[in-house]
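mind folding the following:
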Amino acid sequence: MDDSPQLEENRGMISITSQPIDTSAILAHVSDEACGATVLFLGTTRRWTGETETAYLEYEAYTEMATAKMQELADTAAERWPIKKLAIVHRVGRVEVQEASVAVAVSCPHRAEAFDAGEWLIDELKKQVPIWKKEWYAVQTPTWIHPSPAP
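This next block holds a predicted model:
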């Protein structure tokens, strides 16, 4: 029997989707009356990377492994911080400029815990979850961007 702390199913939203990320639904999901802090991080497609103009991004994932790793990260975060509810949602497919490709939201009793947990989750997601990003440029050919450790 596994007795390690895990987020109850109704406390965690873990998803990979080809649809636009619904931030209102995410915030509603993580809302909890016991919490004084909710942090939502959105990773969005920026127009410029240095002097190179981005047309759009394209994401691919090994879905089963990616969602399992996302759940593992959620469970680890729940062991480290007093998270009441959380959501981790990542897009696959084409993501236009200014659209969100990833959302991480957590609710905790206090803001410092919520900020720390949210920052840790997005940093570890980028390092550990098998999701790949291809940048399509306005003038050039696309380039695959491989996962790398966060600075």
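
beyond whatever helix or strand Ser15 lives in, next helix or strand please.
According to DSSP states H and E, Ser15 maps onto strand 12-17. Using DSSP H and E, the helix or strand that follows strand 12-17 in sequence is helix 23-30.

what does that following helix rub up against?
Contact with helix 23-30 is made by 13, 38, 40, 42, 84-87, 89, 100, 103, 105-107, as judged by Cβ atoms under 8 Å, 6 or more residues apart in numbering. (Each C-beta comes from the backbone N, C-alpha and C, glycine too.)

quick one: the following helix or strand past that helix to chain centroid distance?
Next in sequence after helix 23-30, counting helices and strands by DSSP H and E, comes strand 37-44. Centroid separation between strand 37-44 and its chain, computed with Cα atoms, centre = their mean, to the nearest Å, is 9 Å.

got the angle for strand 37-44 vs helix 23-30?
Counting by axes from the mean of the first three to the mean of the last three Cα atoms, to 10 degrees, strand 37-44 points 150 degrees away from the direction of helix 23-30.

neighbouring strands for strand 37-44, and are they parallel or not?
Each strand paired with strand 37-44, and its direction, by DSSP bridges: strand 100-108 (antiparallel).

number of residues surrounding Glu72?
When counting by other Cβ atoms under 10 Å, one arrives at 15 neighbours for Glu72.

how about the helix or strand harbouring it as PDB, C-alpha atoms only?
Using DSSP H and E, Glu72 sits in helix 63-80. Only the C-alpha atoms of helix 63-80 are listed here, as PDB (Å, rounded to 0.1, in the frame of the first residue of the first chain):
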ATOM      1  CA  THR A  63       1.000  12.300 -23.200                       C
ATOM      2  CA  GLU A  64       0.900   9.300 -20.900                       C
ATOM      3  CA  MET A  65       4.400   9.900 -19.600                       C
ATOM      4  CA  ALA A  66       3.900  13.600 -19.400                       C
ATOM      5  CA  THR A  67       0.700  13.400 -17.400                       C
ATOM      6  CA  ALA A  68       2.200  10.800 -15.100                       C
ATOM      7  CA  LYS A  69       5.300  13.100 -14.500                       C
ATOM      8  CA  MET A  70       3.000  16.100 -13.900                       C
ATOM      9  CA  GLN A  71       1.100  14.200 -11.300                       C
ATOM     10  CA  GLU A  72       4.400  13.100  -9.700                       C
ATOM     11  CA  LEU A  73       5.400  16.800  -9.500                       C
ATOM     12  CA  ALA A  74       2.000  17.700  -8.000                       C
ATOM     13  CA  ASP A  75       2.400  15.100  -5.400                       C
ATOM     14  CA  THR A  76       5.900  16.200  -4.500                       C
ATOM     15  CA  ALA A  77       4.800  19.800  -4.300                       C
ATOM     16  CA  ALA A  78       1.900  18.700  -1.900                       C
ATOM     17  CA  GLU A  79       4.500  17.100   0.300                       C
ATOM     18  CA  ARG A  80       6.600  20.300   0.400                       C
END
